[in-house]
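Colleague: return atomic coordinates for the entry below.
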Amino acid sequence: MKDLFSAARACLDADTPDAKPALTLAMAEAFARGALTVPDDAPTPEPIRMPGRPATPKLVHPRDLPRRGFGTVEGRAAFIHAVAHIEFNAMDLAWDAVYRFRGLPAQFHADWVSVAHDEACHFNFLRTRLRELGYDYGDFDAHNGLWEMAEKTAHDGLARMALVPRVLEARGLDVTPGMIVKLRGLGDAATADILEIILREEIGHVAAGSRWYRWYCARAGVEPKERFRELLREYASGVLHKPFNTEARLQAGFDLEELESLLAAADEAFSAQ
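Modeller: Numbers count the residues shown, from 1 in each chain. Below is the predicted model:
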């Protein structure tokens, strides 16, 4: 592979928990050393489709996933598996942004290749921890919510930047600190240490989404705060949950008015239930 779009497509198509992170790391390193070009005359990207996935985990509706506490090894393993599944999806989301949205500044591609690299590392860290506990990726059921949002926003880079990094992936900024505290209280420093790394790097990933969302808005001549409110109403019903980690979200490129919009959308969704 000589060009970035072919590399991104190959990473999307990789269908095992060994191949996808390994190819992601290899292609990200190739891009970093200048071995992958970004052609000006690349063909139109293919319609979005399900990326390569292993036979397991089985994908089910979120309501069909059992709730497990951290009090047992199985419960902690199920939690780690859920986070690993998010990171597996996040590799695909980053590569799809690289592959799908073309004719953009070089830094756009550089940012999302870097994100893909980080997500592969996160997945590998979590999978190693799962194996230390006697489990592996695929041993628990999972859901497909992240990729479903990618499908909904395949037509619009502005909506993708607003909703995938700044809504779905930003959820990790809200819940991870509490998980770290619980795990340390249970003496599971190994898992907590991994989550500390993920939390720190995910702030940067959400910040990339914020930066490129505002770039898209400026190019389109739309006001970003009002458009964000519109997108929340259109796409994000049922996926916003309080409380929000104000400090982390401010570091990740939100402003106070946007946080107020998130709170209002979350309250509206709760009232509609």
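
Colleague: quick one: low-confidence ranges for the protein?
Modeller: 269-273 (pLDDT under 70).

Colleague: 80 instead?
Modeller: Along the chain, the parts satisfying pLDDT under 80 run over 1, 237-238, 268-273.

Colleague: which helix runs longest in it?
Modeller: The longest helix of the chain (DSSP state H) is helix 189-220.

Colleague: now for that one, which elements pack on it?
Modeller: Helices and strands touching helix 189-220, by 3 or more Cβ pairs under 8 Å, 6 or more residues apart in numbering; DSSP states H and E, are helix 73-100, helix 106-132, helix 157-163, helix 171-185, helix 224-235, helix 246-251. Any C-beta I mention is one placed from the backbone N, CA and C, and that applies to glycine too.

Colleague: contacts for the helix or strand Ala28 falls within next, please.
Modeller: Using DSSP states H and E, Ala28 maps to helix 19-32. For helix 19-32, the surrounding residues in contact (Cβ atoms under 8 Å, 6 or more residues apart in numbering) are 1, 4, 7-8, 10-11, 14, 36, 52, 88, 91-92, 95, 109-110, 113-114, 116-117, 119-121, 123-124.

Colleague: what's the angle between the longest helix of the chain and helix 106-132?
Modeller: When axes from the mean of the first three to the mean of the last three Cα atoms, to 10 degrees is applied, the directions of helix 189-220 and helix 106-132 differ by 160 degrees.

Colleague: next, the buried residues of helix 189-220.
Modeller: For helix 189-220, the neighbour count (16 or more other Cβ atoms under 10 Å) marks 191-192, 194-195, 198-199, 202-203, 205-217 as buried.

Colleague: ok, now which ones touch the residue nearest the centre of the chain?
Modeller: Of all residues in the chain, the one closest to the mean position by Cα atoms, centre = their mean is Ala90, 3.8 Å from it. Shown in contact with Ala90 (Cβ under 8 Å, 6+ apart): 115, 119, 122, 146, 169, 205.

Colleague: likewise for Pro17?
Modeller: Residues counted as contacts of Pro17 (Cβ under 8 Å, 6+ apart) are 54, 88, 123, 127, 136-138.

Colleague: what do you get if the cut-off is 10 Å, keeping everything else the same?
Modeller: Neighbouring residues of Pro17 by Cβ atoms under 10 Å, 6 or more residues apart in numbering: 53-54, 56-57, 84, 88, 123-124, 127, 136-138.
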